[in-house]
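Student: sharing a sequence plus its predicted fold:
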Amino acid sequence: MTPETLLSHADDATFWPGEEDHHRRHNVPSAYRDALAVRGLRVARGEQPVGFKVGFTNRTIWERYGVFAPIWGTVWNTTLTRCENEATLDLNGISQPRLEPEVAFCMSATPPANASLEELFNCIEWLAPSFEVVQSHCLDWKFNAAEAVADGALHAHLLVGKPTPVLHIARSGADLNNLLAQTHLKLYLGQELIDEGTGSNVLDGPLRALLHFVHELATCPDAPSLQAGSIVTTGTWTDAWPIREGETWHYETDTSFASLRVAFR
């Protein structure tokens, strides 16, 4: 499929055509080239990139989805919602939506391409609880890594909650990494506990996931760089759970980190 076709399926929430295995995408660098071409098409029609999503950082779900390394994609002004502690999101136009509880960072500066953990910490303005609504245009969520990349890294919408300045949480990268890695999260549908996870599920901690992304972005030909103000959500702490209209989900952690609630319509 061409970048134009990929964008058309995303706009219309339609499934990709079924293909024999030898016609499927398997080349990840080629998939990133197509994803960046789709990014160009979206910019040309007036959408504004506001950050990135990093996916498949949670090693506990690699076997389930058949993707065994992190991927990344673009977050848009049209796919970002900011709130304090709760919001309502419309699922119309999203293909096979699922929900992922995450932590998002906002950059205060562009980190060095080969940044250390401490150099990265010094480039972070704030962090916040986030929910990413992910989607797949492959029937029944059956895809490989290249197909996931070409499918916008499965991004549909990002909800970012109340930000906390990073220096209100930790004074160093090592401290922030340890805090987030040890944080425990509970995910609820209504009042029912659905899943639990810890920050260490996410490449040994969300800050480590962000560091991995910074290094990967620097090696991808023609990829844009992180800028001050860019928001990056760093991957789910649990499995990705199917969601439906009328449901309300929230997550809580065992730290002073803000909670987040979302209702779907």
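Tutor: Everything's here; your move. As the structure is a prediction and not an experimental result, all values here were calculated from the model.

Student: phi and psi next, for Ile124.
Tutor: Dihedral angles of Ile124 (phi, psi; degrees, to the nearest 10) stand at phi -100, psi 130.

Student: what score does it have for pLDDT?
Tutor: Listed pLDDT for Ile124 reads 98.

Student: now do the one 5 residues further on
Tutor: Each residue has a pLDDT score; the one for Pro129 is 97.

Student: next: the one 3 residues further on.
Tutor: In this model, Glu132 is scored at 98, pLDDT.

Student: so that it lines up with my notes, have the first residue be 828 from now on.
Tutor: Okay, residue one is now 828; in that scheme the one you just asked about reads as Glu959.

Student: in contact with it, which residues?
Tutor: 880, 926-927, 929, 982-986, 1060, 1063 (CB atoms under 8 Å, 6 or more residues apart in numbering). Using the backbone N, CA and C atoms, a C-beta is placed for each residue, glycine as well.

Student: redo that, cut-off 7 Å
Tutor: Contact partners of Glu959, counting by CB atoms under 7 Å, 6 or more residues apart in numbering, are 880, 927, 929, 982, 985, 1060.

Student: which helices and strands does the helix or strand hosting Leu1006 pack with?
Tutor: If you go by DSSP states H and E, Leu1006 is part of helix 1000-1009. On a contact count with 3 or more CB pairs under 7 Å, 6 or more residues apart in numbering; DSSP states H and E, helix 1000-1009 meets helix 944-948, helix 1033-1046.

Student: helices along the stretch 828-977 of the chain, start to end?
Tutor: Ranges of helices within the stretch 828-977 of the chain are 830-839, 855-871, 889-892, 944-948, 972-977, based on DSSP state H, counting those that start in this stretch.
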